[in-house]
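**Student:** fold the following and give me the result.
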Amino acid sequence: MNRLYDNLKVDGNPLAYLRLYLTALIVFLADQASKLWIFNNLDMDTGRIVVVEGFFQIIHVGNEGAAWGILSGHSGILTVFALVALAAIFCFRKTLQLKQPLIQWLFGLISGGILGNTADRMIHGHVIDFLDFRFPFEIPILLPDGRYPAFNIADCAIVIGVLSYFLLSCLYENARGRDKTN
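**Tutor:** Numbering: from 1, shown residues only. Below you'll find the predicted structure:
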């Protein structure tokens, strides 16, 4: 039991993860402010602002699922999954090397995005998506009919954080492998 408690302590310094907390807060506030503007200024499913004709528009849609509508209608499951993901980030912070500044920023992006979409699910019963792109080509599954599913700032933060962490991990493993062979 002491070992579990030791793992849950915030490493003795409340400012140890300040970059992570600030990044998460900035992402969360930007996400919620943008969604509040959309909620107050565009009608659901019909309101739109054309930014670049035929390519980019701002819309107001509710997504009851995750990416591409996966698990649509299961908001409770997605909320629990999000909270478990946040708890896992905290519990595995040493393994994830969260004391490193760059890693803190990346997990701040991820955490802020998770919090933003989770807040939507809890407040509205769905996530507010509003960035809508259309392309002159299609890619099966990813871009059916040339249209990418609408998304939001939280989604951007999560994707950037996850992909950057994955790339950084691959580069680190590659460099470690070269060090072992030399």
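**Student:** I'd say residue 161 and residue 102 touch.
**Tutor:** No. Between residue 161 and residue 102 there is no contact under CB atoms under 8 Å: 11.0 Å. All C-beta spots, glycine's among them, are computed from the backbone N, C-alpha and C.
**Student:** quick one, which of those two is more surrounded?
**Tutor:** Here residue 161 and residue 102 are set side by side on neighbour count (other CB atoms under 10 Å), and the busier one is residue 161, at 23 against 12.
**Student:** next up, the contacts around the more buried one.
**Tutor:** Taking CB atoms under 8 Å, 6 or more residues apart in numbering as the criterion, residue 161 is in contact with 106, 107, 108, 109, 110, 113.
**Student:** do residue 51 as well
**Tutor:** Residues touching residue 51, when contacts are defined by CB under 8 Å, 6+ apart, comprise 57, 58.
**Student:** now the helix or strand harbouring it: average pLDDT?
**Tutor:** Under the assignment given by DSSP states H and E, the secondary-structure element containing residue 51 is strand 48-52. For strand 48-52, mean pLDDT is 96.
**Student:** for it, which strands pair with it and how are they oriented?
**Tutor:** When sheet partners are counted by DSSP bridges, strand 48-52 sits next to strand 56-63 (antiparallel).
**Student:** so after the helix or strand of the chain with the lowest mean pLDDT, what's the next helix or strand?
**Tutor:** Each helix and strand of the chain was given a mean pLDDT (mean pLDDT, DSSP states H and E); the minimum falls on helix 2-8 at a mean of 45. On the C-terminal side of helix 2-8, the closest following helix or strand by DSSP H and E is helix 18-41.
**Student:** re earlier: closest one of the contacts of residue 161 to residue 167?
**Tutor:** Taking CB to CB as the measure, residue 167 sits nearest to residue 106 out of these, at 9.9 Å.
**Student:** list the contacts of that closest one.
**Tutor:** By CB under 8 Å, 6+ apart, the residues touching residue 106 are 161, 164, 165, 168.
**Student:** and the helix or strand hosting the last one, how far from the chain's centre?
**Tutor:** Secondary-structure element containing residue 168, defined by DSSP H and E: helix 153-181. Taking the mean of its C-alpha atoms, helix 153-181 sits 16 Å from the chain's own mean (CA atoms, centre = their mean, to the nearest Å).
**Student:** neighbours of the nearest residue to residue 41 once chain neighbours are set aside, how many?
**Tutor:** By the measure of CB to CB, 6 or more residues apart in numbering, the closest residue to residue 41 outside its immediate chain neighbours is residue 47, 7.4 Å from it. Taking other CB under 10 Å as the criterion, the count of residues near residue 47 is 14.
**Student:** lovely, talk soon.
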